[in-house]
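Trainee: what follows is a predicted protein model with its sequence.
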Amino acid sequence: MIDLKQLRESPERFIQGAEAKNIDVDIDRLLELDQQRRDLLQKQETLRAEQKKIGKETGPQIGKLKGQLKSVEDSQRPELEARISELEARPAALKQQIHDLDESLAVIEPEWKKIQLQVPQPPDDDVPRGSSSDDNVEIRRWAPEGWDWDKSFEENRGFAPKTHLELVHDLNMVDFERGVKVAGSRSYVLTGAGMRLHQAVLAFGMQHICEKHGFRATSVPVLVREQAMVGTGFFPGGIEQTYHIDSDSTPGPGQDLYLTGTGEVGLMSLHSDEIVDADQFPMKYATVSTCFRREAGAAGKDTAGLYRIHQFDKVEQVIIDKADEATSRTHHETMISIVEELLQAMQLPYRLLQCCTGDLGSKNADMIDIECWIPGRGDEASNGRPAGEFGETHSASRLYDFQCRRLNLRYRDKDGKTIFCHSLNNTVVASPRILIPILEMHQQADGSIIIPDVLRPFMGGCERISS
RNA sequence: GGACAGGUGGCGGAGCGGUUGAACGCGCUGGUCUCGAAAACCAGUAUGCAUUUCGGUGCAUCGUGGGUUCGAAUCCCACCCUGUCCGCCA
């Protein structure tokens, strides 16, 4: 959520920000409603002040007179009643006016709130303008020694690569058919070495971020209240991406909940509605959680394999810290470098992409995607085999106070003022998607797969997966 | 599935129709005392919005929304949430 004060002061910044992000939101209308609302509130406040003042003066009198009314003789009643109704007349009139203003406000506020939740955070000035992921800008890339970016996998390694689909089939690591039988399209069942490797990657990710970088290991609810989805900024925009445990069809307590698409929701919601102690900054959390995504609107895209699926597991990192842009930028770089360490440790070639304004999503001021090289992806080369392509495996967001404002997550500065925190989040590792580059990049000419050193301790020392 | 209880400030906990934005306790901040600390004592200590001659001032907020009333934390209705006991399941 954006700061309405800032919006009033510099609406252009937000209008241009929404435009750059390709988000259609009627900011002029919001400003208009905001002005109306403020006018109404001001009028109402004045009336209330008067009502209160009168109430203090005449209230006790009325009470006393009404008491007398009970014990007094009939002949004196009319006079008493007249005095009471005289005293009651003014506050009653005020009450009616205040009530009318309430009704006017009730007309405005739903739309006012709705648009407010839709206004995106303007992108930072140094984010390149663009309309889609095609306009993202590569920052840098890395590959293990011996890998030549100008050559194909076959030229680099001396044999034609299999796709991950072929590999998991040949090595019996995934059962897609039964996955689909049980759970429908985009479902899978990891088996044997597939499941072991999946768990190894997640365990490695948790170990790395917690032990090497001091993030606090934390579990999160993956079934959450709507407020957590709104607070973290996934709603209203992402509602069609989200599974809903529906109270209409299955009434009863605990039935109106949503399945989270990322551990970020649970982690960031931990401190919602809190004024956290600034001494704890920066607050660094890591979790591993199952993530659920409906992938609505992605029909026909990446239908085969482990790339785009409804359910996966992810190690996620978040940082909450004081409201300072420079600090946020530093954290952002740190969180990205943690991922780079991990990918380098697993010897996976990757590149960093600066996402353009059109690809940022509504809540980010800046976002860096990390893409691993996947030999089995992409268009067909002349030999009829995939030419290889980068595939997004990580996404690092810098949100400033946009998310914490929604979550009502604050701290006190030196002067005791409450301030909304800044937040950031980044994938540590998401599996099984990350298994795709691991399998494809570490495959051998004989069809076996060499397990990266760093994962072996989590697989009982196993060095190689072969049929 | 059945039977209840309850939602008040950073926390605990009063209040159940009239200066109650809210007693009391704890915590926190400042001060006195002390060589220093603890204890004791004194003072202060909610959030949001608006307004301001930056000293304040006004309004709202006791789960949420509506209602009754001249007046609601207090009464009524609906909803949300939390907890307890029994049953069931792991």
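Mentor: Here it is on my side, so go on. Numbering: from 1, shown residues only, chains lettered A, B, ... in the order given.
Trainee: what about A:Gly205, which helix or strand?
Mentor: Counting by DSSP states H and E, the element that carries A:Gly205 is helix A:193-207.
Trainee: hmm, who's touching that helix?
Mentor: Helix A:193-207 is contacted from outside by A:168, A:171-174, A:190, A:217, A:286, A:288, A:313, A:315, A:342, A:346, A:428-429, A:431-432, A:434-435, A:438, A:451, A:454-455, A:458-459, A:462, A:465, using C-beta atoms under 8 Å, 6 or more residues apart in numbering. Heads up, the C-betas are built off the backbone N, CA and C, glycines and all.
Trainee: now list the buried members of those.
Mentor: Using 16 or more other C-beta atoms under 10 Å as the burial test, those include A:168, A:171, A:173-174, A:190, A:286, A:288, A:313, A:315, A:342, A:346, A:428-429, A:431-432, A:434-435, A:438, A:451, A:454-455, A:458-459, A:465 as buried.
Trainee: quick revisit: filter the contacts of helix A:193-207 by proximity to RNA strand B?
Mentor: Among these, not one lies near RNA strand B by C-beta under 7 Å from any atom of the strand.
Trainee: out of these, which are inside strands?
Mentor: Members of these lying in strands (criterion: DSSP state E): A:217, A:286, A:288, A:313, A:315, A:428-429, A:431, A:465.
Trainee: of those, which is the nearest to A:Glu50?
Mentor: Using C-beta to C-beta, A:Ala286 is the member of those that lies nearest A:Glu50, at 55.6 Å.
Trainee: for the closest one, give me its contacts.
Mentor: A:Ala286 is in contact with A:206, A:209-210, A:215-218, A:315-318, A:428, counting by C-beta under 8 Å, 6+ apart.
Trainee: check A:Arg405 too.
Mentor: Applying C-beta under 8 Å, 6+ apart, the residues contacting A:Arg405 are A:1-3, A:420.
Trainee: helices along the stretch 151-300 of chain A, start to end?
Mentor: Counting by DSSP state H, counting those that start in this stretch, one finds helices in the stretch 151-300 of chain A at the ranges A:153-157, A:164-170, A:176-183, A:193-207, A:226-231, A:263-269.
Trainee: A:Ala296 - how many residues pack around it?
Mentor: 11 (other C-beta atoms under 10 Å).
Trainee: ugh, wrong one, A:Asn426
Mentor: 25.
Trainee: my read: it touches A:Val315, true?
Mentor: No: counting by C-beta atoms under 8 Å, A:Asn426 stays clear of A:Val315, with 10.1 Å between them.
Trainee: from the ones in strands among the contacts of helix A:193-207, pick the one nearest A:Tyr258.
Mentor: A:Asp313 (18.0 Å).
Trainee: and the pLDDT for the closest one?
Mentor: Per-residue confidence (pLDDT) for A:Asp313: 97.
Trainee: list the contacts for it?
Mentor: A:Asp313 touches A:198, A:202, A:288-291, A:430-432, counting by C-beta under 8 Å, 6+ apart.
Trainee: looking at those residues, which is nearest A:Gln354?
Mentor: A:Gln354 lies nearest to A:Ala430 out of those, by C-beta to C-beta, at 20.3 Å.
Trainee: do you know how far the closest one is from A:Cys372?
Mentor: Look at A:Ala430 and A:Cys372: by C-beta to C-beta, to the nearest Å, they are 11 Å apart.
Trainee: intersection of neighbour lists for the two?
Mentor: The contact sets of A:Ala430 and A:Cys372 overlap at A:Thr393 (C-beta under 8 Å, 6+ apart).
Trainee: how near is A:Gly305 to RNA strand B?
Mentor: Distance, A:Gly305 to RNA strand B, using C-beta to the nearest atom of the strand, to the nearest Å: 33 Å.
Trainee: that residue is in contact with A:Arg433, isn't it?
Mentor: No: between A:Gly305 and A:Arg433 there is no contact under C-beta under 8 Å: 9.5 Å.
Trainee: the two: which is more packed in?
Mentor: Per other C-beta under 10 Å, whichever of A:Gly305 and A:Arg433 has more neighbours is A:Arg433, with 25 against 22.
Trainee: show me the contacts for the more buried one.
Mentor: A:Arg433 makes contacts with A:306-307, A:309, A:312, A:391, A:393, as judged by C-beta under 8 Å, 6+ apart.
Trainee: correct me, but A:Leu41 touches A:Leu105?
Mentor: Yes: contact criterion C-beta under 8 Å: A:Leu41 and A:Leu105 qualify, at 7.3 Å.
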